[in-house]
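S.K.: no sequence on this one, just coordinates:
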């Protein structure tokens, strides 16, 4: 990654910072306004992570803000124009997602999250394949910021798909079969994406965190869901370790 793009047009860096701040402010305003929040409609889903798992948003927001500041301060190690634009779109999408969730329309939040997932994965892929620059920590910050964000929204988008299914009365919340199938699809999706991110273990870490939260929910409720979640964690950890070892030799 080079600094040329950001230094050539610092407006891009300022836009990134503004978008990062906006996505942090949006849920605060939502809470103060006492309106519907993301996840309010997911309580009836078996595969909803435990409440404490959502604390990862604090890390995600913190990394986004730190990365935006570094983008303006140094410009190096934080990305080409496409990478920065991806993040701007991601953060704006997160702000819109908060606003849409206030209307409690699950299928609409799913569509926004699907868009966020696409741009987040593209950003994570660009960061994972970029050559490190000096100082290397700026590249690591870019990879952590995009990777963890992409991993979490990759899990969240399937949760929102599930709530959308319930909202449209396409399935019953007490029917665990379709939810387990959705969990399997989510795991396969995460494994497929992870193959494209050899130097971004943050993606797998965020998905594993979501799966641990799901394990806390399904334990004692569904043995099959528990097995699927544990198997997905093992596969992601093994895959990431193998990819990381190969990346070190490249």
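M.R.: Nice, thanks for sending it over. All values derive from a computational prediction rather than experimental measurement.

S.K.: which one's the longest helix in this protein?
M.R.: With DSSP state H applied, the helix covering the greatest number of residues in the chain is identified as helix 136-167.

S.K.: Could I get the average pLDDT for the helix or strand following that helix?
M.R.: For helix 136-167, the succeeding helix or strand toward the C-terminus, using DSSP states H and E, is helix 176-194. The average pLDDT within helix 176-194 is 97.

S.K.: contact partners of whichever helix or strand comes after helix 176-194?
M.R.: Under the assignment DSSP H and E, the closest C-terminal helix or strand after helix 176-194 is helix 201-218. In this structure, residues lying in contact with helix 201-218 by CB atoms under 8 Å, 6 or more residues apart in numbering are 46-50, 52-54, 56, 124, 143-144, 146-152, 154-156, 183, 187, 190, 193-194, 197, 225-226, 229-230, 232-233, 236-237, 239-240, 244. Where you see a C-beta, it was placed from the backbone N, CA and C, and this is true even at glycine.

S.K.: try 7 Å
M.R.: Helix 201-218 has contacts (CB atoms under 7 Å, 6 or more residues apart in numbering) with 46-50, 53, 56, 124, 143-144, 147-148, 150-152, 154-155, 190, 193-194, 197, 225-226, 229-230, 232-233, 236-237, 240, 244.

S.K.: Return the residues in contact with the closest residue to residue 10 other than its chain neighbours.
M.R.: Beyond its immediate neighbours in the sequence, the residue positioned closest to residue 10 (CB to CB, 6 or more residues apart in numbering) is residue 72, lying 7.0 Å away. Shown here is residue 72, whose contacts under the criterion CB under 7 Å, 6+ apart are 13-14, 17.

S.K.: Most neighbours of all these, which one?
M.R.: Using other CB atoms under 10 Å as the neighbour test, those are led by residue 13, with 22 neighbours.

S.K.: any idea which helix or strand carries that residue?
M.R.: Short version: residue 13 belongs to helix 10-33, going by DSSP H and E.

S.K.: what's the distance between that helix and the middle of its chain?
M.R.: Remark: helix 10-33 is offset 17 Å from the chain centroid, using CA atoms, centre = their mean, to the nearest Å.

S.K.: Check whether residue 45 sits in a helix, strand or coil.
M.R.: Secondary structure, DSSP: H, G, I helix; E, B strand; the rest coil: residue 45 is coil.

S.K.: In this structure it contacts residue 161, no?
M.R.: No: counting by CB atoms under 7 Å, residue 45 stays clear of residue 161, with 10.2 Å between them.

S.K.: tell me, what's touching those two both at once?
M.R.: Residues touching both residue 45 and residue 161 do not exist when contact is defined as CB under 7 Å, 6+ apart.
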